[in-house]
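# need the 3D shape of this:
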Amino acid sequence: MQEKLSTVLRKSVAFLMQGDALALQGHALALYWDAMALQGHALALYWDAMALQRDALTLYWDAMALQRDALTLYWDAMALQGIAKFNLL
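Predicted structure coming up:
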């Protein structure tokens, strides 16, 4: 009887451990899919950041062009002021 009880207990424990292992595998799979989803979101954020960086660079180059144009207008105004002074003399 003791031997039979011991065998039943061993089988019961093995069965429970197998169930726990399957449950852990299920949790691991769910975590894997969550990680894949997060990786997808991270990639989307990366591409958004790259687009913002590209836009910032475009704005920088536009600002540099405007600064160049403003400097050209300044030098043209200085030249016209010199011509006006010369004509007044």
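
# quick check, pLDDT for V8.
Note on V8: pLDDT of 65.

# make that L24, sorry
For L24, the predicted pLDDT is 88.

# for it, pull up the helix or strand it's in.
If you go by DSSP states H and E, L24 is part of helix 2-88.

# starting at the chain centroid, how far to that helix?
Averaging C-alpha positions (C-alpha atoms, centre = their mean, to the nearest Å) puts helix 2-88 0 Å from its chain's average.

# residue ranges with poor pLDDT in the protein?
Scanning the chain for pLDDT under 70 picks out 5, 8-9, 11, 13, 89.

# if we use 90, what do you get?
Within the chain, the stretches with pLDDT under 90 are 1-24, 26, 82-89.

# how much space between K4 and S12?
Distance from K4 to S12, counting by C-beta to C-beta, to the nearest Å: 12 Å. Using the backbone N, CA and C atoms, a C-beta is placed for each residue, glycine as well.

# likewise for L31?
For L31, the distance to S12 equals 29 Å [C-beta to C-beta].

# next: Y60.
71 Å.

# follow-up on the earlier one: what's the helix holding L24 packed up against?
When contacts are defined as 3 or more C-beta pairs under 8 Å, 6 or more residues apart in numbering; DSSP states H and E, helix 2-88 packs onto no helix or strand at all.

# start at 25 instead
Sure thing, new numbering starts at 25, so read that last one as helix 26-112.

# what's the neighbour count on A73?
A73 has 10 neighbours, counted by other C-beta atoms under 10 Å.

# now swap in the one 5 residues further on and tell me
Residue neighbour count, defined by other C-beta under 10 Å, stands at 10 for R78.

# contacts only, for it.
R78 is in contact with no residue at all, counting by C-beta atoms under 8 Å, 6 or more residues apart in numbering.
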